[in-house]
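sharing a model prediction with you, sequence too.
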Amino acid sequence: MKALVLEEKGKLSLRDFDIPGTLGPRDVRIKTHTVGICGSDVHYYTHGKIGHFVVNAPMVLGHEASGTVIGVGAEVTHLKAGDRVCMEPGIPDPTSRASKLGIYNVDPAVTFWATPPIHGCLTPEVIHPAAFTYKLPDSVSFAEGAMVEPFAIGMQAALRARIQPGDVAVVTGAGPIGMMVALAALAGGCARVVVADLAQPKLDIIGAYDGIECVNIRNRPLVEAVAEVTDGWGADIVFECSGAAPAILGLPALARPGGAIVLVGMPVDPVPVDIVGLQAKELRIETVFRYANVYDRAIALIASGKVDLKPLISATLPFEDSIAAFDRAVEARETDVKLQIVMPE
Ligand code: ZN
(Lines give C-alpha, C1' and ligand atoms only; values in the text may rest on other atoms or scores of the structure.)
Protein backbone atom coordinates (compact mmCIF):
# COMPACT_ATOMS: atom_id res chain seq x y z
CA MET A 1 0.00 0.00 0.00
CA LYS A 2 1.29 3.48 -0.85
CA ALA A 3 2.07 5.96 1.94
CA LEU A 4 3.60 9.40 2.35
CA VAL A 5 6.89 8.56 4.03
CA LEU A 6 9.28 10.99 5.68
CA GLU A 7 12.53 9.17 4.88
CA GLU A 8 14.68 11.65 6.82
CA LYS A 9 14.78 15.39 7.45
CA GLY A 10 13.85 17.21 4.22
CA LYS A 11 13.08 14.08 2.20
CA LEU A 12 9.57 12.81 1.51
CA SER A 13 8.54 9.99 -0.77
CA LEU A 14 5.27 8.52 -1.90
CA ARG A 15 6.00 4.82 -2.06
CA ASP A 16 4.88 1.34 -1.10
CA PHE A 17 5.07 1.07 2.64
CA ASP A 18 3.18 -1.41 4.76
CA ILE A 19 2.54 -0.32 8.32
CA PRO A 20 2.73 -3.47 10.42
CA GLY A 21 -0.39 -4.41 12.39
CA THR A 22 -3.31 -6.79 12.53
CA LEU A 23 -6.97 -6.11 13.27
CA GLY A 24 -7.46 -6.86 16.97
CA PRO A 25 -10.86 -7.66 18.51
CA ARG A 26 -11.36 -4.03 19.62
CA ASP A 27 -9.98 -2.40 16.47
CA VAL A 28 -11.51 -1.12 13.28
CA ARG A 29 -10.06 -1.04 9.79
CA ILE A 30 -10.62 2.32 8.12
CA LYS A 31 -10.34 3.46 4.52
CA THR A 32 -8.73 6.87 4.94
CA HIS A 33 -10.56 9.71 3.18
CA THR A 34 -9.14 13.11 4.18
CA VAL A 35 -5.96 13.95 6.10
CA GLY A 36 -5.04 17.48 7.22
CA ILE A 37 -1.44 18.64 7.23
CA CYS A 38 -0.43 19.78 10.70
CA GLY A 39 2.34 22.16 11.71
CA SER A 40 3.97 19.21 13.47
CA ASP A 41 4.06 17.14 10.24
CA VAL A 42 5.70 20.08 8.51
CA HIS A 43 8.15 20.56 11.38
CA TYR A 44 9.25 16.90 11.21
CA TYR A 45 9.72 17.38 7.46
CA THR A 46 11.82 20.55 7.79
CA HIS A 47 13.67 19.84 11.06
CA GLY A 48 13.57 16.03 11.47
CA LYS A 49 12.56 16.39 15.12
CA ILE A 50 10.34 18.11 17.66
CA GLY A 51 11.97 18.41 21.08
CA HIS A 52 13.18 14.95 22.05
CA PHE A 53 11.07 13.23 19.35
CA VAL A 54 13.55 12.53 16.55
CA VAL A 55 12.89 10.87 13.19
CA ASN A 56 15.53 8.13 13.11
CA ALA A 57 13.80 5.82 10.62
CA PRO A 58 11.32 6.29 7.76
CA MET A 59 7.96 7.38 9.22
CA VAL A 60 4.51 7.80 7.64
CA LEU A 61 3.18 11.32 8.32
CA GLY A 62 -0.35 12.55 9.09
CA HIS A 63 -2.60 12.47 12.14
CA GLU A 64 -5.68 14.59 11.32
CA ALA A 65 -7.93 12.11 9.59
CA SER A 66 -11.40 11.02 8.60
CA GLY A 67 -12.49 7.94 6.71
CA THR A 68 -14.91 5.05 6.34
CA VAL A 69 -14.98 1.88 8.43
CA ILE A 70 -14.34 -1.17 6.23
CA GLY A 71 -13.83 -3.83 8.90
CA VAL A 72 -14.48 -4.30 12.60
CA GLY A 73 -12.94 -6.55 15.26
CA ALA A 74 -15.04 -9.23 16.93
CA GLU A 75 -15.77 -7.19 20.07
CA VAL A 76 -16.61 -3.88 18.40
CA THR A 77 -20.27 -2.96 18.85
CA HIS A 78 -20.59 0.80 18.27
CA LEU A 79 -19.21 0.90 14.74
CA LYS A 80 -19.93 -1.07 11.56
CA ALA A 81 -18.63 -1.21 8.01
CA GLY A 82 -19.75 1.86 6.06
CA ASP A 83 -19.73 4.25 9.04
CA ARG A 84 -18.09 7.60 8.32
CA VAL A 85 -15.67 8.37 11.13
CA CYS A 86 -12.82 10.51 12.38
CA MET A 87 -9.95 9.19 14.44
CA GLU A 88 -8.29 10.42 17.62
CA PRO A 89 -4.57 9.89 16.97
CA GLY A 90 -3.27 9.49 20.53
CA ILE A 91 -3.69 6.06 22.10
CA PRO A 92 -2.92 5.70 25.82
CA ASP A 93 -2.46 2.56 27.87
CA PRO A 94 -6.03 2.07 29.15
CA THR A 95 -4.77 0.61 32.43
CA SER A 96 -2.36 3.46 33.21
CA ARG A 97 -2.78 5.80 36.17
CA ALA A 98 -3.21 8.74 33.75
CA SER A 99 -6.01 6.92 31.91
CA LYS A 100 -7.74 6.10 35.19
CA LEU A 101 -7.57 9.78 36.12
CA GLY A 102 -9.07 10.79 32.76
CA ILE A 103 -5.90 12.62 31.72
CA TYR A 104 -4.86 10.07 29.12
CA ASN A 105 -3.28 12.79 26.94
CA VAL A 106 -0.42 13.00 29.44
CA ASP A 107 -0.05 9.25 29.86
CA PRO A 108 3.72 8.64 29.54
CA ALA A 109 2.87 5.50 27.51
CA VAL A 110 0.68 7.29 24.96
CA THR A 111 1.42 6.56 21.30
CA PHE A 112 0.49 9.24 18.78
CA TRP A 113 0.27 9.02 14.99
CA ALA A 114 3.25 10.53 13.19
CA THR A 115 5.24 11.10 16.37
CA PRO A 116 8.40 8.98 16.10
CA PRO A 117 8.52 6.03 16.08
CA ILE A 118 4.73 5.71 15.49
CA HIS A 119 3.51 5.84 11.88
CA GLY A 120 0.77 8.27 10.85
CA CYS A 121 -2.22 7.87 8.59
CA LEU A 122 -1.24 9.27 5.17
CA THR A 123 -1.93 5.90 3.61
CA PRO A 124 -5.11 4.42 2.10
CA GLU A 125 -5.97 2.14 5.07
CA VAL A 126 -5.33 2.23 8.79
CA ILE A 127 -6.13 0.01 11.77
CA HIS A 128 -7.23 1.95 14.85
CA PRO A 129 -8.79 1.20 18.26
CA ALA A 130 -12.58 1.52 17.99
CA ALA A 131 -12.61 3.40 21.31
CA PHE A 132 -10.70 6.24 19.63
CA THR A 133 -12.77 6.21 16.45
CA TYR A 134 -15.84 8.50 16.34
CA LYS A 135 -18.85 8.30 14.07
CA LEU A 136 -19.53 11.47 12.07
CA PRO A 137 -23.11 12.73 11.81
CA ASP A 138 -24.43 12.97 8.23
CA SER A 139 -24.14 16.77 8.40
CA VAL A 140 -20.39 16.67 9.07
CA SER A 141 -18.27 16.21 5.93
CA PHE A 142 -15.05 14.21 5.66
CA ALA A 143 -13.19 17.53 5.36
CA GLU A 144 -14.72 18.73 8.63
CA GLY A 145 -14.08 15.33 10.18
CA ALA A 146 -10.37 15.78 9.49
CA MET A 147 -10.57 19.19 11.24
CA VAL A 148 -11.81 17.66 14.51
CA GLU A 149 -8.24 16.88 15.60
CA PRO A 150 -6.88 20.44 15.51
CA PHE A 151 -10.22 21.77 16.82
CA ALA A 152 -9.90 19.36 19.76
CA ILE A 153 -6.91 21.40 20.94
CA GLY A 154 -9.09 24.50 20.89
CA MET A 155 -11.68 22.58 22.88
CA GLN A 156 -9.11 21.50 25.44
CA ALA A 157 -7.93 25.11 25.82
CA ALA A 158 -11.52 26.39 26.21
CA LEU A 159 -12.26 23.75 28.85
CA ARG A 160 -9.03 24.48 30.73
CA ALA A 161 -9.86 28.21 30.71
CA ARG A 162 -13.16 27.61 32.58
CA ILE A 163 -14.86 30.29 30.49
CA GLN A 164 -17.77 32.14 32.08
CA PRO A 165 -20.57 33.48 29.87
CA GLY A 166 -19.64 36.90 28.51
CA ASP A 167 -15.90 36.65 29.12
CA VAL A 168 -13.50 38.64 26.97
CA ALA A 169 -10.61 36.57 25.67
CA VAL A 170 -7.38 37.38 23.89
CA VAL A 171 -5.61 34.90 21.61
CA THR A 172 -1.96 35.62 20.82
CA GLY A 173 -1.05 33.95 17.52
CA ALA A 174 -3.37 33.38 14.54
CA GLY A 175 -1.92 30.10 13.31
CA PRO A 176 -4.34 27.21 12.77
CA ILE A 177 -4.33 26.39 16.49
CA GLY A 178 -4.89 30.02 17.54
CA MET A 179 -7.88 30.10 15.21
CA MET A 180 -9.26 26.85 16.63
CA VAL A 181 -8.83 28.24 20.15
CA ALA A 182 -10.61 31.47 19.21
CA LEU A 183 -13.58 29.57 17.75
CA ALA A 184 -13.77 27.19 20.71
CA ALA A 185 -13.63 30.16 23.12
CA LEU A 186 -16.54 31.80 21.32
CA ALA A 187 -18.52 28.56 21.31
CA GLY A 188 -17.65 28.17 24.99
CA GLY A 189 -19.34 31.43 25.93
CA CYS A 190 -16.89 34.27 25.35
CA ALA A 191 -18.62 37.44 24.19
CA ARG A 192 -15.60 38.86 22.43
CA VAL A 193 -12.33 37.32 21.31
CA VAL A 194 -9.41 39.51 20.29
CA VAL A 195 -6.90 37.70 18.04
CA ALA A 196 -3.40 39.10 17.56
CA ASP A 197 -0.77 38.26 14.98
CA LEU A 198 1.71 39.78 12.54
CA ALA A 199 0.30 38.06 9.42
CA GLN A 200 -2.57 40.12 8.01
CA PRO A 201 -3.89 37.44 5.60
CA LYS A 202 -4.54 35.11 8.54
CA LEU A 203 -6.11 37.88 10.62
CA ASP A 204 -8.44 38.61 7.71
CA ILE A 205 -9.59 34.97 7.68
CA ILE A 206 -10.29 34.67 11.39
CA GLY A 207 -11.58 38.26 11.63
CA ALA A 208 -14.41 37.37 9.24
CA TYR A 209 -16.15 35.46 12.07
CA ASP A 210 -18.72 37.34 14.18
CA GLY A 211 -17.41 38.03 17.67
CA ILE A 212 -13.74 38.02 16.67
CA GLU A 213 -11.72 41.21 16.49
CA CYS A 214 -8.20 41.30 15.11
CA VAL A 215 -5.12 43.28 16.03
CA ASN A 216 -2.09 43.35 13.78
CA ILE A 217 0.69 43.88 16.29
CA ARG A 218 2.87 45.32 13.51
CA ASN A 219 0.57 48.35 13.59
CA ARG A 220 -0.58 48.57 17.18
CA PRO A 221 0.56 47.36 20.61
CA LEU A 222 -1.75 44.56 21.73
CA VAL A 223 -1.84 45.82 25.31
CA GLU A 224 -3.30 49.10 24.05
CA ALA A 225 -5.97 47.35 21.95
CA VAL A 226 -6.95 45.09 24.86
CA ALA A 227 -7.16 48.07 27.22
CA GLU A 228 -9.53 49.76 24.79
CA VAL A 229 -11.79 46.70 24.45
CA THR A 230 -11.92 46.14 28.24
CA ASP A 231 -11.98 49.76 29.49
CA GLY A 232 -8.49 49.32 30.90
CA TRP A 233 -9.45 46.28 33.03
CA GLY A 234 -7.81 43.54 30.97
CA ALA A 235 -9.01 40.28 29.43
CA ASP A 236 -10.66 37.56 31.50
CA ILE A 237 -8.65 34.93 29.65
CA VAL A 238 -5.49 35.12 27.57
CA PHE A 239 -4.77 32.14 25.33
CA GLU A 240 -1.10 32.05 24.30
CA CYS A 241 -0.95 30.32 20.90
CA SER A 242 2.19 31.77 19.33
CA GLY A 243 4.98 30.14 21.31
CA ALA A 244 6.88 33.40 20.76
CA ALA A 245 9.05 34.68 23.61
CA PRO A 246 7.97 38.37 23.42
CA ALA A 247 4.30 37.36 23.45
CA ILE A 248 4.85 35.15 26.50
CA LEU A 249 6.67 37.91 28.38
CA GLY A 250 3.78 40.28 27.65
CA LEU A 251 0.98 37.99 28.86
CA PRO A 252 0.48 39.42 32.40
CA ALA A 253 -0.16 42.91 31.03
CA LEU A 254 -3.07 41.61 28.90
CA ALA A 255 -5.01 39.84 31.66
CA ARG A 256 -7.35 41.40 34.21
CA PRO A 257 -6.60 40.98 37.92
CA GLY A 258 -7.65 37.44 38.85
CA GLY A 259 -7.83 36.39 35.21
CA ALA A 260 -6.39 33.30 33.55
CA ILE A 261 -3.60 32.54 31.13
CA VAL A 262 -3.81 29.37 29.05
CA LEU A 263 -0.52 28.25 27.50
CA VAL A 264 -1.20 26.44 24.22
CA GLY A 265 1.70 27.42 21.93
CA MET A 266 4.96 25.53 22.33
CA PRO A 267 8.16 27.58 22.29
CA VAL A 268 11.04 25.75 20.64
CA ASP A 269 13.41 26.76 23.45
CA PRO A 270 12.87 27.76 27.09
CA VAL A 271 11.60 31.36 27.36
CA PRO A 272 11.61 33.97 30.16
CA VAL A 273 8.39 34.48 32.11
CA ASP A 274 7.40 37.56 34.16
CA ILE A 275 6.61 35.78 37.44
CA VAL A 276 5.97 38.94 39.45
CA GLY A 277 3.65 40.18 36.72
CA LEU A 278 1.66 36.96 37.13
CA GLN A 279 1.69 37.14 40.92
CA ALA A 280 0.69 40.80 41.14
CA LYS A 281 -2.64 39.96 39.49
CA GLU A 282 -2.95 36.47 41.01
CA LEU A 283 -3.33 35.05 37.52
CA ARG A 284 -4.32 31.42 37.13
CA ILE A 285 -2.05 29.53 34.72
CA GLU A 286 -3.29 26.56 32.74
CA THR A 287 -1.33 24.45 30.29
CA VAL A 288 -2.57 22.42 27.34
CA PHE A 289 -1.00 19.32 25.82
CA ARG A 290 -3.12 17.82 23.05
CA TYR A 291 -6.55 16.91 24.54
CA ALA A 292 -8.55 14.27 26.36
CA ASN A 293 -12.26 13.46 26.27
CA VAL A 294 -13.19 16.28 23.89
CA TYR A 295 -13.85 14.56 20.54
CA ASP A 296 -17.56 13.99 21.18
CA ARG A 297 -18.02 17.63 22.19
CA ALA A 298 -16.02 18.89 19.22
CA ILE A 299 -18.06 16.82 16.74
CA ALA A 300 -21.32 17.92 18.39
CA LEU A 301 -20.40 21.62 18.07
CA ILE A 302 -19.49 21.21 14.39
CA ALA A 303 -22.69 19.24 13.70
CA SER A 304 -24.78 21.90 15.47
CA GLY A 305 -23.48 24.61 13.15
CA LYS A 306 -22.23 26.65 16.12
CA VAL A 307 -18.68 26.14 14.89
CA ASP A 308 -17.93 26.38 11.17
CA LEU A 309 -14.42 25.22 10.35
CA LYS A 310 -14.87 25.12 6.57
CA PRO A 311 -13.49 28.67 5.97
CA LEU A 312 -10.20 27.51 7.50
CA ILE A 313 -9.57 24.91 4.77
CA SER A 314 -7.27 26.77 2.35
CA ALA A 315 -6.88 24.04 -0.26
CA THR A 316 -7.52 20.35 -0.88
CA LEU A 317 -4.96 18.34 -2.83
CA PRO A 318 -4.99 14.74 -4.08
CA PHE A 319 -2.81 12.10 -2.40
CA GLU A 320 -0.63 11.85 -5.53
CA ASP A 321 0.35 15.51 -4.92
CA SER A 322 1.17 15.02 -1.22
CA ILE A 323 4.79 16.08 -1.55
CA ALA A 324 3.78 19.27 -3.37
CA ALA A 325 1.18 19.83 -0.64
CA PHE A 326 3.88 19.65 2.03
CA ASP A 327 6.13 22.01 0.09
CA ARG A 328 3.22 24.45 -0.16
CA ALA A 329 2.64 24.08 3.60
CA VAL A 330 6.27 25.09 4.18
CA GLU A 331 6.11 28.08 1.84
CA ALA A 332 2.64 29.53 2.41
CA ARG A 333 2.65 29.74 6.19
CA GLU A 334 1.56 33.40 6.14
CA THR A 335 -1.50 32.85 3.97
CA ASP A 336 -2.71 29.24 4.26
CA VAL A 337 -4.53 27.98 7.31
CA LYS A 338 -5.17 24.29 6.72
CA LEU A 339 -4.21 22.17 3.73
CA GLN A 340 -5.92 18.82 3.32
CA ILE A 341 -5.03 15.74 1.32
CA VAL A 342 -7.75 13.52 -0.12
CA MET A 343 -7.04 9.85 -0.71
CA PRO A 344 -7.96 8.16 -4.02
CA GLU A 345 -11.46 6.61 -4.23
ZN1 ZN B 1 -2.19 18.34 14.41
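Yep, that arrived.

who's in contact with residue 281?
When contacts are counted by CB atoms under 8 Å, 6 or more residues apart in numbering, residue 281 touches 234, 252, 255-259. The way it works is simple: take the backbone N, C-alpha and C, and place the C-beta from them, glycine included.

now, which of these sits nearest residue 9?
residue 252 (37.3 Å; CB to CB).

now do the same contact list for that closest one.
Going by CB under 8 Å, 6+ apart, residue 252 touches 261, 274, 277-278, 280-281, 283.

quick check: the gap between it and residue 274.
Noted for residue 252: a distance of 5 Å to residue 274, by CB to CB, to the nearest Å.

quick revisit: the contacts of residue 281: which two are farthest apart?
Maximum pairwise distance in those, criterion CB to CB, is 12.2 Å, between 252 and 258.

which residues do the two both contact?
281, 283.

isn't residue 76 up against residue 26?
Yes: using CB atoms under 8 Å, residue 76 makes contact with residue 26 at a distance of 6.2 Å.

chain center to stretch 176-186: distance?
Centre-to-centre, stretch 176-186 and its host chain are 10 Å apart (CA atoms, centre = their mean, to the nearest Å).

how many residues are close by residue 251?
Using other CB atoms under 10 Å, residue 251 has 23 neighbouring residues.

brain fart, residue 82
Neighbourhood size, residue 82 [other CB under 10 Å]: 8.

now the one 3 residues further on
Around residue 85 there are 21 other residues, counting by other CB under 10 Å.

what sits closest to it if chain neighbours are left out?
residue 133 (5.0 Å; CB to CB, 6 or more residues apart in numbering).

equivalent analysis for residue 60, please.
Counting by CB to CB, 6+ apart, residue 119 is the residue found nearest to residue 60 once chain neighbours are left out, at 4.0 Å.

please apply the same query to residue 323.
Counting by CB to CB, 6+ apart, the nearest residue to residue 323 once its immediate chain neighbours are dropped is residue 12, at 4.9 Å.

doesn't that neighbour fall inside a helix?
No: Residue 12 is assigned strand when assessed by DSSP: H, G, I helix; E, B strand; the rest coil, not a helix.

ok, it - contacts?
Contacts of residue 12 by CB under 8 Å, 6+ apart are 4-6, 45, 61, 322-323, 326.

what's residue 174 sitting at in phi/psi?
Residue 174 has phi and psi values of phi -110, psi 40 when expressed as degrees, to the nearest 10.
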